[in-house]
Each structure stands twice: as C-alpha cells, then as structure tokens.
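# Let's see this in three dimensions:
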Amino acid sequence: MGYNVIIYMVDIMLMVVSINEIVLSYTYLILYLLLIQFKLMNYLLCFTFLVLDKL
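Okay, here's the model as predicted:
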C-alpha cells in the first residue's frame, strides 16, 4: 500500500516538473519572439527615419 503511494507521488512530481519545463520553454519562446519583433520594429523605424531624412 505505502509503496504504491510513494510511486504515485513521484509520478505526480515528475509530471509537474515536466509541465513546468514545457511552460518555461514556451515562455522563453514567446519572449524571444517578442524580442525579435521589437528589433524588427526598431529596424523598420530606423529605416523609415532614414528614408524620410533623404526626402
């Protein structure tokens, strides 16, 4: 009885850890995408200012 409970608890802990890792990786991915978007926006703004400056 007690042995099965321990295995069950370890199983749940491993599941929680893997879920946390998945959530973390998704969070990093989203942050990375946002960073790329921000940099692209910056480049676009700089480009626009340069073009406007030439005009």
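# which sections of this structure are below the confidence cut-off?
1 (pLDDT under 70).
# For it, just list every one of the helices.
Remark: helices assigned in the chain by DSSP state H are 2-54.
# Okay, buried residues for stretch 43-55 please.
With burial defined by 16 or more other CB atoms under 10 Å, not one residue of stretch 43-55 is counted as buried. C-beta: built from backbone N, CA, C; applies to glycine.
# now that stretch, how far from the chain's geometric center?
Relative to its chain's centre, stretch 43-55 lies at 31 Å (CA atoms, centre = their mean, to the nearest Å).
# Convert it to CSV, retaining C-alpha atoms only.
Only the C-alpha atoms of stretch 43-55 are listed here, as CSV (Å, rounded to 0.1, in the frame of the first residue of the first chain):
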residue,chain,number,x,y,z
TYR,A,43,14.9,48.4,-37.8
LEU,A,44,11.7,49.5,-39.6
LEU,A,45,11.6,52.7,-37.6
CYS,A,46,15.3,53.5,-38.3
PHE,A,47,14.7,52.7,-42.0
THR,A,48,11.7,54.9,-42.1
PHE,A,49,13.5,57.8,-40.5
LEU,A,50,16.4,57.4,-42.9
VAL,A,51,14.1,57.4,-45.9
LEU,A,52,12.3,60.5,-44.5
ASP,A,53,15.6,62.2,-43.9
LYS,A,54,16.6,61.6,-47.5
LEU,A,55,13.3,63.2,-48.7
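# Please list the outside residues in contact with it.
Contacts to stretch 43-55, defined as CB atoms under 8 Å, 6 or more residues apart in numbering, come from no residue at all.
# I'd like the distance between L33 and L55.
Here the distance between L33 and L55 works out to 33 Å (CB to CB, to the nearest Å).
# ditto for I7
From I7 to L55 the distance is 72 Å (CB to CB).
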